[in-house]
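S.K.: need a structure here:
(one chain, ligands or ions: 1)
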Amino acid sequence: MNTELNIFGLTRAELEETLVDMGEKAFHGRQLYKWIYKHRVFDFSEMTDIRLDLRAMLNREFSVDLPSIADSRKSSDGTEKFLFRLADGKMIESVLIEDDSSGRMTLCVSSQVGCALGCRFCATGYLGFDRNLTVGEILAQPLIIRNLYGEEAFDNLVFMGMGEPMLNYDRVMAAIEIMTDSLGLMIGAKRITISTSGVVPGIRWLAQSSSKVHLALSLNAANDKLRRKLMPVAKSYPLPKIMEAVREWTTVRKRRVTFEYILFKGINDGDENALALAELIRGIPCKINLLAYNLVDGVEYQRPDDEDIDRFARVLYPRTPAVTVRKSRGGDIDAACGQLAGRKK
Ligand code: SF4
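M.R.: Here you go, the predicted model:
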């Protein structure tokens, strides 16, 4: 039986403490941390600034185990989707997406295996919830992608893959701590976005934390009646409460929030929906991302026509600060979150 402790995912303080518990100096924990996260060296024997007998001891006591890539697919538009197999055989996804206008790369990562929130348009929602990811499983996603494509593999990182990050808040924040650390992955906090479906306590925690990460809200409807149909989580967190928490975040953090609005044909893409959206977000420092629905097998919703998307944006544009229309990406590779894992399952 493998009795080694997997230390992948331990924070700097935890690694220092682990080494001190072994009777060693705390700075060895820092060395170990830097080798693993900054240099992506997982073999203790290659950690050349650590003394030989300590390396041998680390080898006996610890392991550095990461998930493996079970599958990857590249779309004709450059979007690449990765399916990771975790130690217990569960599958999660990450997607590398190229922004059409700037050419910048965004890595979309998962925070849970499956999701309990059951949004009606989402393949992950249909999988149901399995478990929260560990800190190491969250962190492994950007780290493995960097191992494949180098430090410049992505410019931005968003928690918009499988799962609701605010329902795995502590581990997501611990992973972000390592991602942003100068001895860790050194990703600027401002390049990281947590996207939530509107879990109010999480938005408040983020407002009260010292984290400089960006906040996005998956809104998709400007009234609760329609929102409850699309996103059952709206029953627990009505829009007035969500907007109050979002305002708090923008005030405390002095940042603009991003509202994500997926357009569904004939459901939320009319002029009256655009006007209601403008009214809902009035006075909130924000940007709006409009996204045409990415079709999911077996789901009733349809993608709107391009003219309807343009019309919606034109109604919204003069009334709101910043509107971006995003193309759906990776339609030929099941890039919408949960689709690939769903097929494997
Ligand atoms: S959209 Fe996000 S919150 Fe909703 S079911 Fe899918 S993964 Fe969960």
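
S.K.: wait, residue 157 sits on residue 188?
M.R.: No. Assessed by CB atoms under 8 Å, residue 157 is found out of contact with residue 188, at 9.8 Å. No exception for glycine: its C-beta is placed from N, CA and C like everyone else's.

S.K.: of these two, who's got more company?
M.R.: Just comparing residue 157 and residue 188: by other CB atoms under 10 Å the higher neighbour count belongs to residue 157, 25 against 13.

S.K.: how about the residues of the stretch 51-200 of the chain near the ligand?
M.R.: Residues of the stretch 51-200 of the chain lying close to the ligand by CB under 6 Å from any ligand atom are 115, 117-119, 122, 124-125, 162-164, 197.

S.K.: now which of those residues would you call buried?
M.R.: 115, 117, 119, 122, 124-125, 162-164, 197 (16 or more other CB atoms under 10 Å).

S.K.: which among these gets closest to residue 136?
M.R.: Nearest to residue 136 out of those is residue 163 (CB to CB; 15.4 Å).

S.K.: in which helix or strand does that closest one reside?
M.R.: Under the criterion DSSP states H and E, no helix or strand holds residue 163.

S.K.: okay, it: pLDDT?
M.R.: On pLDDT, residue 163 comes in at 97.

S.K.: my understanding was that it contacts residue 119; is that so?
M.R.: No. Using CB under 8 Å, residue 163 makes no contact with residue 119, being 11.5 Å away.

S.K.: residues in contact with the residue nearest to the spatial centre of the chain?
M.R.: Per CA atoms, centre = their mean, the C-alpha nearest to the average position across the chain is that of residue 159, at 1.1 Å. By CB atoms under 8 Å, 6 or more residues apart in numbering, the contact list for residue 159 reads 109, 111, 165, 172, 192-195.

S.K.: same thing but 7 Å
M.R.: If you count contacts by CB atoms under 7 Å, 6 or more residues apart in numbering, residue 159 has them with 109, 111, 165, 172, 193-195.

S.K.: and residue 187, by the same measure?
M.R.: Contacts of residue 187 (CB under 7 Å, 6+ apart): 157, 179-180.

S.K.: hmm, 8 Å instead?
M.R.: For residue 187, the contacting residues are 142, 157, 179-180, by CB under 8 Å, 6+ apart.
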